[in-house]
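Asker: Predicted model follows, preceded by the sequence.
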Amino acid sequence: MSHIRRTLPLLGRRSGVCRRQTGSPPARTSSSSGAGLVLRSQSTDVYQNLALEDWIDANVDLQQRRVLLLWRNRPAVVIGRHQNPWAECDLPAMRRAGIPLARRRSGGGTVFHDLGNLNLTFFASKKAYDRQRNLKVVTEALRRLRPGLDVQATDRFDILLNGRYKISGSASRLSRKSSYHHCTLLHSADRSALAAVLRPSCPGIHSNATPSVPSPVANLLDHAPSLQWEELLDALAHQYNAEFSLSAAPTLVNPADESAFPGLGRTAAELRGWEWTFGKTPKFSVQTLLDLTDGRPSARSAARLRMEVKNGVIESCELDVAADWLPRRLSGELGGVLVGERFCRQRAAAAVTALLRAESGELQNRLRSLCDAVLSVTG
């Protein structure tokens, strides 16, 4: 991005003062209605960038100024505040690929992030919240860059290319006085990775969690091969200033700098934690059939699994297995040891270890088959 300032801007606090990077005495923020900031995060860590959103929302006086934050992440899957990760993404595939999962504060659906996807977050007062106007910044910038591009914002606050392909999705969060609206913009994302991870881990989930709505997607680079990153970032900053009558120079910020963003590290750690990422999942149940075998083609069976999960923890677990394949006491014991455990493969595996060690021979083989089938459901 040309003409980027590399100093920390005066981020006006809600107290009416702000800190300078040098640690000099606090300066009063401007009360001008035209005050605005265009920030570009230097981090590509999804948790740091989501925490930066929280920090800006909590610390910048959004009654006095607007803020546009531009940010990109290394590969990650980001789910909405009210979503179920086991229903939205392939957790085993993500573990194998080293792709982290993050739950954001806003609602909406699941998205795949990588360095080919740009995220834009529009911060404003609650009164000034206007998602269509924010999306107009994006569509107008693209039309000015490449007049041949057919880009339109929809009533669902997506942006479609050629009336069909989704290149941007939106989500938002409103507080008592402030708001932010963030959207993606697919420039050159890895669509094969996106398709590989955005599919359910667990069959048979029943939940009131917000489901994602699948859509055909495209990259801008597929239809505008010469569109460069710096060109796109400059155009978006320019159009943002034009739309809101601002004169904000783009500024690089580093969310890992605790002197500039005190407390942000704690927020990032919270966003990384199991309690937030999985434990905030709305209550759900699992009802599915499990295929069983003890290694012999002639010795196959099936089990019906019914589970209730709240706050990511198994509240009840019932297993119906043919009594001539496995004694009911063992299937009952397995269900019992899982109650109170996290709906998590590693924790569930540790819970059944002692149960497996207590058996031997054919019973152990069949119990292990049942354990493996149940563990596969937990992702």
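Answerer: Thanks, I have the structure now. Predicted model only: the values in this text are computed from it and were never measured.
Asker: so where's the stretch 101-250 of the chain uncertain?
Answerer: In the predicted model of the stretch 101-250 of the chain, no residue satisfies pLDDT under 70.
Asker: from the middle of its chain, how far away would the helix or strand hosting residue 373 be?
Answerer: Here residue 373, judged by DSSP states H and E, is contained in helix 361-377. Put simply, helix 361-377 sits 33 Å off its chain's centre (CA atoms, centre = their mean, to the nearest Å).
Asker: Then stretch 327-343?
Answerer: Distance of stretch 327-343 from the chain centroid (CA atoms, centre = their mean) equals 32 Å.
Asker: Give me the residues contacting it.
Answerer: Residues from elsewhere that reach stretch 327-343, judged by CB atoms under 8 Å, 6 or more residues apart in numbering: 86, 274, 278, 303, 307, 309, 312-321, 347-348, 351-352, 354-355, 359, 363, 367, 370-371, 374, 378. Placement of C-beta: from N, CA and C, glycine included.
Asker: So in terms of bridging, what pairs with residue 151?
Answerer: When assigned by DSSP bridges, residue 151 has beta-bridge partners residue 161.
Asker: Can you tell me how far it is from residue 77?
Answerer: Here the criterion is CB to CB, to the nearest Å. By it, residue 151 lies 25 Å from residue 77.
Asker: buried ones in the helix holding residue 373?
Answerer: 364-371, 373-375, 377 (16 or more other CB atoms under 10 Å).
Asker: and if you look at stretch 342-351?
Answerer: For stretch 342-351, the neighbour count (16+ other CB under 10 Å) marks 342-345, 347-349, 351 as buried.
Asker: got it, and stretch 300-317?
Answerer: 301, 303, 305, 307-309, 312-314, 317.
Asker: Pipe those residues into TSV and attach pLDDT per row.
Answerer: Output for the buried residues of stretch 300-317, formatted as TSV (pLDDT from 0 to 100):
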residue	pLDDT
301	90
303	94
305	97
307	97
308	98
309	98
312	97
313	97
314	98
317	97
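Asker: Rebuild those as a markdown table, extending it with secondary structure.
Answerer: Listed next are the buried residues of stretch 300-317 as a markdown table, based on DSSP: H, G, I helix; E, B strand; the rest coil:
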| residue | secondary structure |
| --- | --- |
| 301 | strand |
| 303 | strand |
| 305 | strand |
| 307 | strand |
| 308 | strand |
| 309 | strand |
| 312 | coil |
| 313 | strand |
| 314 | strand |
| 317 | strand |
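Asker: so who does the residue nearest the centre of the chain touch?
Answerer: The centroid of the chain falls nearest to residue 78 when counting by CA atoms, centre = their mean (1.5 Å). Residues in contact with residue 78, defined by CB under 8 Å, 6+ apart, are 46, 50, 101-104, 110-113.
Asker: let's see 6 Å
Answerer: By CB atoms under 6 Å, 6 or more residues apart in numbering, residue 78 lies in contact with 102, 104, 111, 113.
Asker: residues touching the residue nearest to residue 130 when sequence neighbours are not counted, list them.
Answerer: Leaving aside its chain neighbours, residue 130 sits nearest to residue 124 (7.7 Å; criterion: CB to CB, 6 or more residues apart in numbering). Shown in contact with residue 124 (CB under 6 Å, 6+ apart): 62, 66, 179.
Asker: which ones among those residues are found in strands?
Answerer: 66, 179 (DSSP state E).
Asker: Specify which member of the contacts of residue 124 is nearest to residue 294.
Answerer: The shortest approach to residue 294 among those belongs to residue 179, at 57.5 Å (CB to CB).
Asker: looking at the sheet around that closest one, what are its partners?
Answerer: Going by DSSP bridges, residue 179 is paired in beta bridges with residue 124, residue 174.
Asker: can you give me the helices in the stretch 201-350 of the chain?
Answerer: With helices called from DSSP state H, counting those that start in this stretch, the stretch 201-350 of the chain shows them at 220-223, 229-243, 264-272, 274-277, 328-338, 345-357.
Asker: And the strands in the stretch 101-250 of the chain?
Answerer: 101-103, 111-113, 117-125, 151-153, 159-161, 165-168, 170-174, 178-186, 205-207, 250-253 (DSSP state E, counting those that start in this stretch).
Asker: What strands line up against the first one, and which way round?
Answerer: When pairing is defined by DSSP bridges, strand 101-103 lines up against strand 76-79 (parallel).
Asker: Over to residue 49. Which of the three states is it?
Answerer: Three-state assignment for residue 49 (three-state DSSP): helix.
Asker: Fine by me, thanks again.
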